[in-house]
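# Let me see the structure of the following:
(one chain, ligands or ions: 1)
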Amino acid sequence: MILPGRVYLVGAGPGDPDLMTVKAQRLLAEAEVVVFDRLVSREIMRLANPLAVQISVGKEPRHHLVPQSEINRILVRQALAGRMTVRLKGGDPFVFGRGSEEAIALRAAGIACEVVPGITAAQGCAASTGVPLTHRGLATSVRFITGHCRQDEPLDFDWRGLADPDTTLVVYMGAASIASIAHRLVSEGLPASTPVLAVNNGTTTRERRLLSVLGSVAGAADAALFEGPVLFIVGAVVTLYDGAPLCPILREVTSLERVMAEEAVHA
Ligand SMILES: C[S@@+](CC[C@H](N)C(=O)[O-])C[C@H]1O[C@@H](n2cnc3c(N)ncnc32)[C@H](O)[C@@H]1O
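As a prediction, this is how the structure comes out:
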């Protein structure tokens, strides 16, 4: 009789392989099967056991290559075949990663499952740009929101609660919805001059940054033609961005936006 293998739901971090945990790297090197997402970079996959079976279940925005129910089935099947399986996800598996759904499906099938946390995209982008998520006097709390809703339903937030000048807002998966998010935040009272930093492919050698303000971020982000994941950091903490390039990046900061961001500090 074959004993079921264990499944590890592992966070790969935001992109830079050096930002993976020691445990994540060790499990990846030992795995017999690696089931991975689109956001897991080639550099990270090079750390996998060369003999491991690699199964891509990459999801494009609005285009799920493999439905979640099928991913759950793949994990259960591999574990029942007795294989040590690593389910590798960008960032942290439990932050906008559907890791909890996979953990529930595995538990229901009687399969042992362990979660290995990862550095989130929010933390990675904050660190690589030097913009803190909280800062005494500028932000007393931070909120992570998703700009993408289930089956493209309209965004349903407590907009008044979100438009809080003392909170840093981190918008995940917001490339397609930043226009309506920015509009609603301004309608609910945040100044149009509130600074916004968009980070594209954060922590990788392809990182790009766009400094803007709520009033113009939608057009600026459109014009930037980002490829790959984008995260928006909204709030007074962005005034601490000094633009010092820490890695090869393309900065797109218009002088008008720079002035508006600076005005926001002194407002
Ligand atoms: C499905 S969510 C995954 C979040 C991930 N589990 C985490 O903990 O950060 C994908 C979104 O994360 C953000 N993201 C992930 N990696 C990123 C990166 N390297 N740079 C910028 N944004 C990133 C983007 O907003 C992207 O659309």
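
# rest of the way, CA atoms for contacts and neighbours
Will do.

# count of residues packed around the nearest residue to I178 once chain neighbours are set aside?
Excluding the flanking residues, the one nearest I178 by Cα to Cα, 6 or more residues apart in numbering is A218, at 5.9 Å. Neighbour count for A218, taken as other Cα atoms under 10 Å: 21.

# can I assume A218 sits in a helix?
Yes - counting by DSSP: H, G, I helix; E, B strand; the rest coil, A218 is part of a helix.

# Quick check: it touching G174?
No - with contact defined as Cα atoms under 8 Å, A218 and G174 do not form a contacting pair (10.2 Å).

# Please give me every residue in contact with the residue nearest to I178.
Applying Cα atoms under 8 Å, 6 or more residues apart in numbering, we find A218 in contact with I178, A179, A182.

# out of these, which are inside helices?
Using DSSP state H, the subset of the contacts of A218 located in helices is I178, A179, A182.

# could these go into TSV alongside neighbour count and pLDDT?
Listed next are the ones in helices among the contacts of A218 as TSV, based on neighbours: other Cα atoms under 10 Å; pLDDT from 0 to 100:
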residue	neighbour count	pLDDT
I178	21	96
A179	18	96
A182	23	97
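
# Dump the contacts of A218 into JSON lines; add distance to the ligand as well.
Putting those into JSON lines (distance: Cα to the nearest ligand atom, whole Å) gives the following:
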{"residue": "I178", "distance to the ligand": "11"}
{"residue": "A179", "distance to the ligand": "15"}
{"residue": "A182", "distance to the ligand": "15"}
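
# I145: neighbour count?
Count around I145 with other Cα under 10 Å applied: 15.

# Okay, helices next: where are they in the stretch 101-250 of the chain?
Counting by DSSP state H, counting those that start in this stretch, one finds helices in the stretch 101-250 of the chain at the ranges 121-129, 159-162, 178-187, 217-224.

# Out of the ones you listed, indicate the one that is most buried.
With neighbours defined as mean count of other Cα atoms under 10 Å, the helices of the stretch 101-250 of the chain peak in mean count at helix 121-129, which reaches a mean of 21.

# which strands and helices sit next to it?
In terms of contacts (3 or more Cα pairs under 8 Å, 6 or more residues apart in numbering; DSSP states H and E), helix 121-129 is packed against strand 230-234.

# what about 6 Å?
For helix 121-129, there is no helix or strand it packs on, judged by 3 or more Cα pairs under 6 Å, 6 or more residues apart in numbering; DSSP states H and E.

# which bits of the stretch 1-150 of the chain sit near the ligand?
P14, G15, G90, G91, D92, P93, V95, F96, G97, T120, A121, A122 (Cα under 6 Å from any ligand atom).

# redo that, cut-off 5 Å
P14, G91, D92, V95, F96, G97, T120, A121 (Cα under 5 Å from any ligand atom).

# Please produce JSON lines containing those, extended by pLDDT.
Output for those, formatted as JSON lines (pLDDT from 0 to 100):
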{"residue": "P14", "pLDDT": "97"}
{"residue": "G91", "pLDDT": "97"}
{"residue": "D92", "pLDDT": "98"}
{"residue": "V95", "pLDDT": "98"}
{"residue": "F96", "pLDDT": "96"}
{"residue": "G97", "pLDDT": "92"}
{"residue": "T120", "pLDDT": "98"}
{"residue": "A121", "pLDDT": "98"}
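
# From those residues, keep the buried residues only.
P14, G91, D92, V95, F96, T120, A121 (16 or more other Cα atoms under 10 Å).

# Where helices are concerned, which of the residues you listed count?
Per DSSP H, the subset of those in helices is A121.
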